[in-house]
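Peer 1: task: produce atomic coordinates for the following.
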Amino acid sequence: MESPLQRQSPDQADENTATDQTSTARQSLFAVRSITIGYIMPPGIAITLAIVLWEAWVRAASIPVYIVPAPSVVITRLAADIGFFALHGGITLAEALAGFALGATVAFTGATLMAHSRFLERTLFPIAILVKVTPIVAVAPLFVIWVGFGSLAKVFIASLITFFPVLVNAMVGLRAVNPGAMDFFRSLHASRTETYLKLRLPSSLPYLFAAFRISIPLSVIGAVVGEWFSGDRGLGSVIIVAHSNLDMPTLFSAILVLAFIGIALTVITAYIERKMLFCLL
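Peer 2: Okay, the predicted model is just below:
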């Protein structure tokens, strides 16, 4: 016996295909609109308002350009040297992301060990606190001495500054498991690996992404601090040179690029968090 789909005429099949394509297009349009309204528009409005107030304040107070330049001057400099700022911004971004990946990986590994062993927590957590309370500016020159003036020093500095938030949140998340769910897994005689992968790890994701929102912008700061002490590439070195020459438009342009990088990374992290948590529901 033929199925209803097999009895469809070619015209009906074409109509169904067109309907599916229209539905897919509507879903894509809705997704783009959701991203724009939920993630791009709010920071865009805040940035626009800040720029307008900044321009009005500088012009009304007649502030010299070597003290605080107007946004129009900064944007003009940024547009004129967009390739220069894109190059150094890309270098800083790469160092920040590499440092974040390294710091988050080490932190999550340590959190996993400490979440399963109180002895390891009592042994290792004081060391983590020591790393946290040590000023990054005091440690940065040591990394330059130990690993040289290349990108590796900046990556280590960025990883150091992102380490602690991920460690703490991951520990809390791995232990914030529903007791009923834990009892259910025990009743099924689930192994520690199964319990970790199917219960503890999914439960820790909201805590992890909360840490990522904090750590990713911090990794940019760590990369910039590293560039202050070593190397002649990246936005950190651009800021140092511009400060030495009292070139405020260039300095503020570098700061704006850093702000854009930080906001973009935060927005992307929030979007990934939403998609991943939605898939787990």
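Peer 1: what is the burial count for residue 134?
Peer 2: Applying other C-beta atoms under 10 Å, we find 11 residues neighbouring residue 134. (C-beta placed from N, C-alpha, C; glycine too.)
Peer 1: same question for residue 110.
Peer 2: Using other C-beta under 10 Å, residue 110 is surrounded by 21 other residues.
Peer 1: check which helix or strand covers it.
Peer 2: According to DSSP states H and E, residue 110 maps onto helix 82-116.
Peer 1: so what does that helix touch, helix or strand wise?
Peer 2: helix 118-133, helix 151-175, helix 201-229, helix 235-244, helix 248-280 (3 or more C-beta pairs under 8 Å, 6 or more residues apart in numbering; DSSP states H and E).
Peer 1: residues contacting the spatially most central residue of the chain?
Peer 2: Nearest to the geometric centre of the chain sits residue 216, at 3.5 Å (C-alpha atoms, centre = their mean). By C-beta atoms under 8 Å, 6 or more residues apart in numbering, the residues touching residue 216 are 96, 100, 162, 262, 265, 266, 269.
Peer 1: would you confirm that the fourth one contacts residue 220?
Peer 2: Yes - Residue 262 is in contact with residue 220 according to C-beta atoms under 8 Å; the separation is 5.4 Å.
Peer 1: okay if I get the contacts of residue 216 as JSON lines plus pLDDT?
Peer 2: Listed next are the contacts of residue 216 as JSON lines, based on pLDDT from 0 to 100:
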{"residue": "96", "pLDDT": "95"}
{"residue": "100", "pLDDT": "95"}
{"residue": "162", "pLDDT": "92"}
{"residue": "262", "pLDDT": "90"}
{"residue": "265", "pLDDT": "91"}
{"residue": "266", "pLDDT": "87"}
{"residue": "269", "pLDDT": "88"}
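Peer 1: nearest to residue 124 among those residues?
Peer 2: residue 162 (17.3 Å; C-beta to C-beta).
Peer 1: what's the pLDDT at the nearest residue to residue 214 once chain neighbours are set aside?
Peer 2: Closest residue to residue 214 apart from its sequence neighbours, by C-beta to C-beta, 6 or more residues apart in numbering: residue 165 at 4.6 Å. Note on residue 165: pLDDT of 92.
Peer 1: residue 165: how many residues sit nearby?
Peer 2: Neighbour count for residue 165, taken as other C-beta under 10 Å: 21.
Peer 1: re the thing from before, the contacts of residue 216 into TSV, with extra columns for neighbour count and distance to residue 108?
Peer 2: Converted to TSV, the contacts of residue 216 look like this (neighbours: other C-beta atoms under 10 Å; distance: C-beta to C-beta, whole Å):
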residue	neighbour count	distance to residue 108
96	31	18
100	27	12
162	30	11
262	17	22
265	20	18
266	17	20
269	18	15
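Peer 1: and of these, the nearest to residue 51?
Peer 2: Comparing the contacts of residue 216 against residue 51 with C-beta to C-beta places residue 262 closest, at 16.4 Å.
Peer 1: roughly how far does that closest one sit from residue 122?
Peer 2: As judged by C-beta to C-beta, to the nearest Å, residue 262 and residue 122 stand 35 Å apart.
Peer 1: hang on, the earlier thing: just name the most buried of the helices and strands packed on helix 82-116.
Peer 2: Most buried of the helices and strands packed on helix 82-116, by mean neighbour count (mean count of other C-beta atoms under 10 Å): helix 151-175, with a mean of 24.
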